[in-house]
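Engineer: Okay, structure incoming, though there's no sequence with it:
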């Protein structure tokens, strides 16, 4: 019974606190935190682009290798069954 009463009291205090802090479009957000109005576009440098491209190529190569290996294993299995 005590835990239930305590839980209800905590929920009531949290609900009241969220109403008292701000009346904005984002409820429950701290009062001092605001988003900047303008978000600037940052151009990617050549090195960053190169790193991303190499990472993507590695992923693709690895995936292709896995697919080839799986296919080879399936073919071997089917050959053994015969």
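Structural biologist: Nice, thanks for sending it over. Quick caveat, the model's predicted, so the values are computed rather than measured. Numbers count the residues shown, from 1 in each chain.
Engineer: only C-alpha atoms for contact and neighbour calcs from this point on.
Structural biologist: Will do.
Engineer: confidence score at residue 65?
Structural biologist: For residue 65, the pLDDT comes out at 94.
Engineer: Where does residue 38 sit: helix, strand or coil?
Structural biologist: The three-state label given to residue 38 by DSSP: H, G, I helix; E, B strand; the rest coil is coil.
Engineer: ok, now how distant is it from residue 52?
Structural biologist: 27 Å (Cα to Cα, to the nearest Å).
Engineer: out of these two, which sits in the busier spot?
Structural biologist: The residue with more neighbours, out of residue 38 and residue 52, is residue 52; 12 against 6, by other Cα atoms under 10 Å.
Engineer: Can you give me the buried ones in the longest helix along the chain?
Structural biologist: The residue-count maximum for a helix in the chain (DSSP state H) belongs to helix 46-81. For helix 46-81, burial by neighbour count (16 or more other Cα atoms under 10 Å) applies to no residue.
Engineer: just use 43 as the starting number from now, easier for me
Structural biologist: OK, 43 is where the count begins now, so the last one is helix 88-123.
Engineer: What is that helix packed up against?
Structural biologist: For helix 88-123, not one helix or strand is in contact under the criterion 3 or more Cα pairs under 8 Å, 6 or more residues apart in numbering; DSSP states H and E.
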